[in-house]
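> Next comes the sequence, and after it the predicted model I'd like to discuss.
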Amino acid sequence: MVPIVLLGLLLRVGVGLYGYSGLGKPPMFGDYEAQRHWMEITYHLPPIEWYFNTTDNDLMYWGLDYPPLTAYHSWLCGAAAQGVNPDWISLGASRGHESPGHKAFMRGTVLLADMVTYFLPAIVIMLTDNRIFGAPCPAPMTVTGYALITYPGLILIDHGHFQYNCVSLGLVLAACCALFYRRDVLAAVLFSLALNYKQMALYYALPIFMYLLNRCWCERERNGLPGVLLKFTKLAFAVSSTFLILWLPFITNDGSNVLQVLRRLFPLSRGIFEDKVANFWCVLNVFYKIRPHFSNEQTALISGIATLLAVLPSCCHLLVTADRRTLLYSLFNTSLAFFMFSFQVHEKTILFAALPALLLFEVEPFHSLWFLTVSSFSMLPLFIKDGLVIPFVALTVFFALSMSVIAETKNVDILERKRFHSSLTVAFKLSMNLIVFLTGASLLLEPPAKYPDLFPLVISAVSAGHFGYFLLYFYWSQFKSCRTKEKIS
């Protein structure tokens, strides 16, 4: 375990030596500056102003658009920055600040957050009998734990591009561990914290709700209807009290502050997508321009209906079966369906589908590794923009090779030769060759002047095609696997 943790830290520090989002690119810079700016705003201004446009808080310049727990985390980092060097977060005067010392500080905040929120539940998984996740053998979950800590996509986005996805994903991971240890109230609190850190955790909300609802219903066998109501009340109180505590500074008599926060969290004005993203709407837009024909409100409604139709079968099936492995399948299917069909999706959001894929690795090694590779590749245009090509290639190759070696030592057949026809292996090899080709083409070839975004668009379309296949396959696996697993009463 210790070597794996040290390796994970080494990979993160190594990636942190490279560039980050918006490096030397005024006037808006990038996500690195957004996070720094939120530290500046939250530290110097009262909470009542964090989400409002004021003289000192120009929402057009990286206005805060994540939930309150992110804001509190930014305040904490801002307080630390104030103690080290006040110039880093000087109100108004620190915009676009870049220095080696500040870069080291910012990288350190991500590394600390990663260790506290993400590494700890991953270590618990490594030390846990893997029957907790419905895997077929009782060996310790070294393979899954290793995958969680060395997955390239999360390392490159958080420690390269610069974000704190590890916090939200780590809280979800901890909530899953709590669920599997039957600590349902704790799981509800942890997931509420994840949801209040990044609203994209909504991708997991329906499966977790269905799983807990089934747990409530199972109480009838032991304690009758009063037991069902008592358990549901405990869970409802845990969720509502967590939200109330976190949102308390923004609650006013007329509710205007809460509405403003919600408007910042779910902005309709941005449209159904911004940059090239590997989902259904971006690919459809190549053949049929969406914006000229539909308003933002209409596209939000259409995408909402499409997403609901895509996730309901998985969630309803989970409500009926409610076992651990089905929960992981449903978490994957629902999060990937949200990525493919929901409104205003960013390319980095694929990380939320990657987490359940990592947890399913020992159950679905072939397709999980394939999906995880494609998920990192789908963000290649972002890595090129940020100067992260070398760590992207190095981490991707290292992850694939090391996962194969570790899986072999644990008797996990990644290619699953007994299960799949050889044609699927051929498809996998063609997919990998296509990824290599498009990576090389994006780096070495100039796109036609008429189509400057040709390569990002092709990468998005190819990745979206893969994701469509993975959604169908894991949906099939979810319904097929229920016949071979024990029910959780």
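That came in fine, so what should we check first?
> Now do the end-to-end distance for stretch 410-429.
Start and end residues of stretch 410-429 are separated by 23 Å (C-alpha to C-alpha, to the nearest Å).
> what's the distance between Pro121 and Asp275?
With distances taken as C-beta to C-beta, to the nearest Å, Pro121 is found 31 Å from Asp275. For the C-beta atoms, the positions are set from N, CA and C on the backbone; glycine is no exception.
> what's the answer for Ser463, then?
Looking at Ser463 against Asp275, where the rule is C-beta to C-beta, the gap reads 13 Å.
> Who has more neighbours out of the two?
With neighbours defined as other C-beta atoms under 10 Å, Ser463 and Asp275 compare such that Ser463 has more, 27 against 13.
> got the buried residues for the helix or strand that contains the more buried one?
Here Ser463, judged by DSSP states H and E, is contained in helix 454-481. Neighbour counts over helix 454-481 (16 or more other C-beta atoms under 10 Å) mark 455-460, 462-464, 466-471, 473-475, 477-478, 481 as buried.
> Mind pulling up the pLDDT for the spatially most central residue of the chain?
Central residue of the chain (C-alpha atoms, centre = their mean): Phe352, 2.7 Å from the mean position. Phe352 carries a pLDDT value of 97.
> go on, Glu416?
69.
> same check, this time on Phe361
89.
> same check, this time on Ser422
79.
> mind listing what it touches?
Applying C-beta atoms under 8 Å, 6 or more residues apart in numbering to Ser422 gives no contacts.
> Could you point out the helix or strand that follows the helix or strand hosting the residue nearest to the centre of the chain?
Using DSSP H and E, Phe352 sits within helix 351-359. Moving toward the C-terminus from helix 351-359, the next helix or strand (DSSP H and E) is helix 365-377.
> So for that following helix, mean pLDDT?
Helix 365-377 comes out with an average pLDDT of 95.
> tilt between it and helix 454-481?
Per axes from the mean of the first three to the mean of the last three C-alpha atoms, to 10 degrees, the angle that helix 365-377 makes with helix 454-481 is 150 degrees.
> Counting by contacts, list what whichever helix or strand comes after helix 365-377 packs against.
Using DSSP H and E, the next helix or strand after helix 365-377 towards the C-terminus is helix 380-385. Contacts defined by 3 or more C-beta pairs under 8 Å, 6 or more residues apart in numbering; DSSP states H and E place helix 380-385 against helix 389-409, helix 422-444, helix 454-481.
> What are the contacting residues of helix 380-385?
21, 156, 160-161, 275-276, 347-348, 389, 391-392, 438-439, 442-443, 455-456, 459-460.
> Show me what the helix holding Phe352 packs onto, helices and strands only.
helix 142-150, helix 152-156, helix 165-180, helix 324-341, helix 365-377.
> Where in the chain is the helix or strand with the lowest mean pLDDT?
helix 120-126 (a mean of 81; mean pLDDT, DSSP states H and E).
> picking that back up, just the buried residues from the contacts of helix 380-385, in PyMOL please.
To isolate in PyMOL the members of those that are buried, counting by 16+ other C-beta under 10 Å, one can use:
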select buried, resi 21+156+160+161+276+347+348+389+391+392+438+439+442+455+456+459+460
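> tilt between the helix holding Ser463 and helix 324-341?
Following the same axes, to 10 degrees, one obtains 150 degrees for the angle between helix 454-481 and helix 324-341.
> quick one: average pLDDT of helix 454-481?
Per-residue scores along helix 454-481 average to 95.
> Does anything pack onto the least confident helix or strand of the chain? Which helices or strands?
Using 3+ C-beta pairs under 8 Å, 6+ apart, helix 120-126 sits against helix 142-150, helix 165-180.
> Point out where the stretch 301-450 of the chain drops to low pLDDT.
413, 415-418, 420-421 (pLDDT under 70).
> if I look at Asn285, how far off is His346?
From Asn285 to His346 the distance is 16 Å (C-beta to C-beta).
> actually Tyr197, not the one I typed
As judged by C-beta to C-beta, Tyr197 and His346 stand 16 Å apart.
> which of the two has more neighbours?
Neighbour totals were compared for Tyr197 and His346, and Tyr197 leads with 27 against 16 (other C-beta under 10 Å).
> Is it correct that the more buried one falls within a helix?
No: Tyr197: not assigned to a helix; according to DSSP: H, G, I helix; E, B strand; the rest coil it is coil.
> so which of the helices and strands packed on helix 120-126 gets nearest Ala79?
For these, the distance to Ala79 is smallest for helix 165-180, at 17.0 Å, taking C-beta to C-beta.
> For stretch 187-204, give me every contacting residue.
Outside stretch 187-204, the residues that touch it by C-beta under 8 Å, 6+ apart are 66-70, 73, 164-165, 167-169, 171-172, 174-176, 178-179, 205, 208, 212, 235, 238-239, 242-243, 246-247, 265-266, 331, 334-335, 338-339, 349, 352-353.
> do the same with stretch 391-406
Here stretch 391-406 makes contact (C-beta under 8 Å, 6+ apart) with 11, 14-15, 18, 142-143, 146-147, 150-152, 155-156, 160, 369, 372-373, 376-377, 380, 383, 414, 439.
> That'll do, ta.
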